[in-house]
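1. return atomic coordinates for the entry below.
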Amino acid sequence: MRIVVGEGSCGIAAGAQKVRNALLECDLGNATIGITGCIGMCYLEPIVDIYEDEKLTRLVKVQPSDAEDIAEYARTGDASKIERLIVSDEDKEFLEKQTRIALRRCGVIDPEEIEDFVNNDGYTALKKCLTELTPEQVIEIIKVSGLAGRGGAGFPTWFKWNAARQSEGEVKYLICNADEGDPGAFMDRAVIESDPHNLIEGMLIGAYAIGAQHAVVYVRAEYPLAIKRLNRAIEQAMEKGIIGNNIFGTDFSCDFTIKAGAGAFVCGEETALIESLEGHRGMPRLKPPFPAASGYWQKPSNINNVETFANVSWIINNGGEAFAAMGTESSKGTKVFAVTGKIKRSGLVEIPMGKTLKDVIFDIGGGIKNGKEFKAVQMGGPSGGCIPSKLIDTVIDYKALGATGAIMGSGGMVVMDEDTCMVGMAKFFLDFTAKESCGKCIHCRIGTKRMLEMLERITKGEGKNGDIELLEELCYSVKDGALCGLGQTAPNPVLTTIKYFRNEYEAHINEKKCPAGECTDLIEYKIVDDKCKGCTLCARNCPVDAISGEVKKTHTINTEQCIKCGRCYSSCKFGAIIKA
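-> Have a look, this model is predicted:
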């Protein structure tokens, strides 16, 4: 029997290491303890998997206090005390309805042991490329697969590889963009933490295809566990002769280095990333020349993100046609999404292109929390847009999502319910992009700031007639004039919320009301007389003593003293407090 504890960042944050330590103190009989990465069911962490030959028993929301019950099962086989922890059939659907390629080993293997990776088909694709295929044949397989860059732009991977391959120069670089700066996105982090050798294998295949001798992973410094496990994976691969000189006894040699980035969102743009790699401030370069001709240290370079590389070995082993058979005519294969927000089952979801938003949010994600109504989903992070509930049947591919005003992006999917203010949501993302603007071009540096100021005025009830039209005009000016993708896409959340939720902007401006009751400057808390039971709970929770009243008698709120923190509203068990 093997007892495996899920120790991705999400599991550790939920207490997985404490669970493992508690298990290690128990008498487990002949069972062994191990770790794995994130299986993707983040909403059920900590997760403990028990393997008995071909049988898997998955335990969820495990606490250190459950360790002795698990140990008793390991010693005796009596499952009566752990039945309450076993994952439900409903929750099993979260994984059963996915098609996992990039995530196929995540949450299955031990990410810190190369033998586990090798025993699960690891490095077979690399060996096949180096011993059976020419670089041109590798690029052709990727071309047939239709694999597009999973970092957001969706540019054909084979085209970038081929351009770098054909560029002249003895020294070339292959770079992995693991910066992943979108709020709510954690796909790349999970892959590196849970299956680091998969990234290394995909990068080595890419390096062989373009003729690069140097591979560099640019990963955000805020991912310490990912960096730790990737460093360990590189050391293990070097010991096995998989990284270094004459890999698998061939003429191909390649070294690996890791660069911890400072966390600038703009470094997701490839030329800004290169500037940061070279030790400069992360700011985009004018193109052309493109990195394929003159990139890192002015040498031919190719940049793809983690998820793109994570698909490569599967494509080599299974054929480009197998990958292309999934998805739509214009968007092939699968895509990983980090599903967060007001959804019942949050976590990592990998599906074939061509599924709908409804399939992800309701079929896999289980719908909206607390019985609320689905309102919108933000696709593509701060660079994306809000898609309203009426477009829930939108197909997930680059073309269809683009038609809504959103983008695929790297795969962030933030779900919103009826209580979300769409003006406030646009303000949230503009606040992020305005702060993350590198400042190189005027349109982005000043334009995002002016847009944010207007949104702040509107949410405070200080909006004026003509603000909506001025916002739209400013958005298009920034899109047309910005140098890089950050500025060109920063207006998307504003444009899509105006397009689909214009009535909310008008209510904020004309009526000085927030329909969702979320903008604190535009709401007022009141107590409904016939519902108040005089329990005093609201008064006891008020941090500024703005609520008064006797026990079992109707209470009142001093609106001048009230700071609108919402504690009374959330603590009332009788629905007696309303937002007016």
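2. so Val423 is in which element?
-> Secondary structure from DSSP states H and E places Val423 in helix 422-436.
3. give the buried residues for that helix.
-> If you call a residue buried by 16 or more other CB atoms under 10 Å, then helix 422-436 has these buried ones: 422-430, 432-434, 436. (Each C-beta comes from the backbone N, C-alpha and C, glycine too.)
4. now stretch 267-285
-> 267-277, 282-285.
5. among those, which two are most distant?
-> Gly268 and Arg285 (14.3 Å; CB to CB).
6. sorry, back to before: how far away from the center of its chain is the helix or strand that the helix holding Val423 is followed by?
-> From helix 422-436 onward toward the C-terminus, using DSSP H and E, the following helix or strand is helix 442-459. Taking CA atoms, centre = their mean, to the nearest Å, one finds the center of helix 442-459 at 26 Å from the center of the full chain.
7. got the angle for helix 442-459 vs helix 422-436?
-> 150 degrees (axes from the mean of the first three to the mean of the last three CA atoms, to 10 degrees).
8. what's helix 442-459 packed up against?
-> helix 422-436, helix 467-481, helix 485-489, helix 492-506 (3 or more CB pairs under 8 Å, 6 or more residues apart in numbering; DSSP states H and E).
9. re earlier: now the buried residues of helix 422-436 as a markdown table including pLDDT?
-> Formatted as a markdown table, these follow (pLDDT from 0 to 100):
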| residue | pLDDT |
| --- | --- |
| Met422 | 97 |
| Val423 | 97 |
| Gly424 | 96 |
| Met425 | 96 |
| Ala426 | 96 |
| Lys427 | 97 |
| Phe428 | 95 |
| Phe429 | 94 |
| Leu430 | 95 |
| Phe432 | 94 |
| Thr433 | 94 |
| Ala434 | 95 |
| Glu436 | 93 |
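10. for Ala125, state which of the residues you listed is nearest.
-> Distances from Ala125 to these, taken by CB to CB, are shortest for Glu436, at 36.2 Å.
11. can you tell me the closest non-neighbouring residue to that closest one?
-> Phe265 (3.7 Å; CB to CB, 6 or more residues apart in numbering).
12. helix, strand or coil: sort out Leu23 for me.
-> Secondary structure state of Leu23, per DSSP: H, G, I helix; E, B strand; the rest coil, is helix.
13. give me the number of residues near it?
-> Residues lying near Leu23 (other CB atoms under 10 Å) number 22.
14. who's in contact with it?
-> Each residue near Leu23 by CB atoms under 8 Å, 6 or more residues apart in numbering is listed here: 3, 5, 33, 48, 67, 70-71.
15. send me stretch 559-578 as PDB with only the CA atoms.
-> The C-alpha atoms that make up stretch 559-578 are tabulated as PDB, following Å, rounded to 0.1, in the frame of the first residue of the first chain:
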ATOM      1  CA  THR A 559     -25.800  55.800   8.900                       C
ATOM      2  CA  GLU A 560     -23.400  58.700   9.700                       C
ATOM      3  CA  GLN A 561     -21.300  56.500  11.900                       C
ATOM      4  CA  CYS A 562     -21.500  53.400   9.700                       C
ATOM      5  CA  ILE A 563     -18.200  52.600   7.800                       C
ATOM      6  CA  LYS A 564     -20.000  50.200   5.500                       C
ATOM      7  CA  CYS A 565     -17.800  47.200   6.300                       C
ATOM      8  CA  GLY A 566     -20.700  44.800   5.800                       C
ATOM      9  CA  ARG A 567     -20.100  42.700   9.000                       C
ATOM     10  CA  CYS A 568     -23.700  43.300  10.100                       C
ATOM     11  CA  TYR A 569     -25.000  42.200   6.800                       C
ATOM     12  CA  SER A 570     -23.000  39.000   6.700                       C
ATOM     13  CA  SER A 571     -23.700  38.100  10.300                       C
ATOM     14  CA  CYS A 572     -27.500  38.600  10.400                       C
ATOM     15  CA  LYS A 573     -29.200  35.200  10.400                       C
ATOM     16  CA  PHE A 574     -32.700  36.500   9.700                       C
ATOM     17  CA  GLY A 575     -32.100  38.600   6.500                       C
ATOM     18  CA  ALA A 576     -33.100  41.700   8.500                       C
ATOM     19  CA  ILE A 577     -30.300  43.800   7.100                       C
ATOM     20  CA  ILE A 578     -30.500  45.000   3.500                       C
END
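16. residues contacting it, please?
-> With CB under 8 Å, 6+ apart as the criterion, stretch 559-578 contacts 520-521, 523-528, 531-533, 535, 537-539, 541-547, 557, 579.
17. quick revisit: surely the residue nearest to Glu436 touches Cys438?
-> No: if you go by CB atoms under 8 Å, Phe265 and Cys438 don't touch, sitting 9.0 Å apart.
18. any residues in contact with both of those two?
-> Shared contacts of Phe265 and Cys438 (CB under 8 Å, 6+ apart): Leu486.
19. ok, so what distance separates the closest residue to Ser253 other than its chain neighbours from Ala102?
-> In this structure, Ser253 finds its nearest non-sequential neighbour in Asn245, 4.4 Å apart by CB to CB, 6+ apart. Asn245 is 29 Å from Ala102, where distance means CB to CB, to the nearest Å.
20. neighbour count for the two, which is higher?
-> Ala102 (29 against 11).
21. which SS state does that one fall under?
-> Classified using three-state DSSP, Ala102 is coil.
22. so what's the residue nearest to it when sequence neighbours are not counted scoring on pLDDT?
-> Of all residues not flanking Ala102 in the chain, Ala310 sits nearest, at 3.9 Å (CB to CB, 6+ apart). With respect to pLDDT, Ala310 scores 98.
23. Ala310 touches Ile200, doesn't it?
-> No: checked against CB under 8 Å, the pair Ala310 and Ile200 is beyond contact range at 10.5 Å.
24. contacting residues around the closest residue in space to Val494 that isn't next to it in sequence?
-> Computed as CB to CB, 6+ apart, the closest residue to Val494 that is not its neighbour in sequence is Ala426, at 4.8 Å. Neighbouring residues of Ala426 by CB under 8 Å, 6+ apart: 386, 455, 493-494, 497.
25. okay, those residues in a markdown table with pLDDT next?
-> Formatted as a markdown table, those follow (pLDDT from 0 to 100):
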| residue | pLDDT |
| --- | --- |
| Cys386 | 95 |
| Leu455 | 97 |
| Pro493 | 95 |
| Val494 | 97 |
| Thr497 | 97 |
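26. now, the most widely separated pair of these?
-> Across the contacts of Ala426, no pair lies farther apart than Cys386 and Leu455, at 13.6 Å, counting by CB to CB.
27. so how far is Ala14 from the residue nearest to Val494?
-> 31 Å.
28. OK, contacts around the nearest residue to Cys484 once chain neighbours are set aside?
-> Of all residues not flanking Cys484 in the chain, Pro284 sits nearest, at 3.8 Å (CB to CB, 6+ apart). Applying CB under 8 Å, 6+ apart to Pro284 gives the contacts 266, 269, 271-272, 275, 438, 440, 483-484, 486.
29. try 10 Å this time
-> 266-267, 269-275, 438, 440-441, 444, 482-487 (CB atoms under 10 Å, 6 or more residues apart in numbering).
30. also Ala482?
-> Neighbours of Ala482 in contact, by CB under 10 Å, 6+ apart: 284, 437, 440-445, 447-448, 488-491.
31. per-residue pLDDT, it?
-> On the pLDDT scale, Ala482 gets 94.
32. can you check Gly169 too?
-> Gly169 carries a pLDDT value of 91.
33. going forward, the N-terminal residue is numbered 445.
-> I'll keep to 445 as the first residue from here, and by that count the last item is Gly613.
34. ok so, going back, anything in contact with each of Cys830 and Leu899?
-> The overlap between the contact sets of Cys830 and Leu899 (CB under 10 Å, 6+ apart) consists of 869-870, 873, 937-938, 941.
35. I'd like these as TSV, with distance to Leu570 appended.
-> Converted to TSV, the shared contacts of Cys830 and Leu899 look like this (distance: CB to CB, whole Å):
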residue	distance to Leu570
Met869	44
Ala870	45
Phe873	40
Pro937	41
Val938	45
Thr941	46
